[in-house]
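Chemist: Need the 3D shape of this:
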Amino acid sequence: MTQVGNVAGISQEEWATSVAAKVGPRTKIGAFEQVHVFWLAGMSCDGCSISVLGATAPSVESLMTGALPGVPIVFLHHTAVQLEAGDAYMEPMWRAWRGELGAPYVVVYEGSLADETLAGPGGHWSAIGEEGDGPVEGRRQIASAEWAKRLAPGAAATIAIGTCATWGGVPAAFGNVT
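Modeler: Numbering: from 1, shown residues only. As a prediction, this is how the structure comes out:
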């Protein structure tokens with residue numbers, strides 16, 4: 001895997017696995033050793049991200065390092081805590097979509113699903129990554145709503161988190177084009 005854009009020099013999976021090994025023997029209650037969580041951002045204020053990342057009982061760090069007895073190591077793929085960037089950040093999502101991840105995953109969608117047809121040609125309200133080969137001009141951004149459609153069928157669970165995701169929130173207010 002290319003580590004361009006990765007200041008840590010290792011992937012999040014490598015980091016979490018090494019920290020979990022230092023924590024010591026784990027008490028396994030469920031069937032899974034690890035689970036991936038793909039946190040997709042739609043049209044939102046990121047308030048749910050702030051709430052979850054600031055939680056203390058349990059903390060995101062304890063989930064990501066396997067410090068909680070009986071709880072699988074959580075590989076949280078979220079832009080605020082991810083070690084990787086660019087293609088390296090996107091790789092686990094591609095593997096999940098192709099059915100090659102090798103572990104169960106959950107999709108968390110924060111924010112409302114934008115009507116991308118209103119964005120105009122070549123534009124997006126909310127996008128994560130891009131696809132296509134060659135120079136930048138030949139690549140296409142992938143709307144976060146499209147990622148939700150791609151990943152949800154293979155997910156162990158799909159969660160709409162927050163008012164924006166469940167009721168539309170501010171992005172759904174009258175006059176807002178999204």
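
Chemist: alpha carbons only for contacts and neighbour counts from here, please
Modeler: Fine.

Chemist: Share the number of residues neighbouring the nearest residue to Arg139 once chain neighbours are set aside, please.
Modeler: Leaving aside its chain neighbours, Arg139 sits nearest to Gly132 (4.5 Å; criterion: C-alpha to C-alpha, 6 or more residues apart in numbering). Counted with other C-alpha atoms under 10 Å, the neighbours of Gly132 add up to 11.

Chemist: repeat for Leu68
Modeler: Neighbourhood size, Leu68 [other C-alpha under 10 Å]: 17.

Chemist: swap in Gly129?
Modeler: Count around Gly129 with other C-alpha under 10 Å applied: 18.

Chemist: Was I right to think it contacts Glu146?
Modeler: No - with contact defined as C-alpha atoms under 8 Å, Gly129 does not reach Glu146; the gap is 11.1 Å.

Chemist: Tell me how far the residue nearest to Arg139 lies from Gly138.
Modeler: In this structure, Gly132 and Gly138 are 6 Å apart, going by C-alpha to C-alpha, to the nearest Å.

Chemist: And for Thr163?
Modeler: Taken as C-alpha to C-alpha, the span from Thr163 to Gly138 is 36 Å.

Chemist: Please give me every residue in contact with Ser144.
Modeler: Taking C-alpha atoms under 8 Å, 6 or more residues apart in numbering as the contact definition, Ser144 lies against 40-42, 113, 126-128.

Chemist: Next: Ala127.
Modeler: Contacts of Ala127 were listed using C-alpha under 8 Å, 6+ apart, and they are 141-145.

Chemist: now for the lengthiest strand in the chain, which elements pack on it?
Modeler: Using DSSP state E, we find that the single longest strand of the chain is strand 34-41. Counting contacts by 3 or more C-alpha pairs under 8 Å, 6 or more residues apart in numbering; DSSP states H and E, strand 34-41 is packed against strand 73-77, strand 105-110, helix 144-151.

Chemist: could the ones you listed go into CSV alongside distance to Ala55 and mean pLDDT?
Modeler: Shown next, in CSV, are these (distance: least, C-alpha to C-alpha, whole Å; pLDDT from 0 to 100):
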stretch, distance to Ala55, mean pLDDT
strand 73-77, 14, 90
strand 105-110, 16, 96
helix 144-151, 25, 94
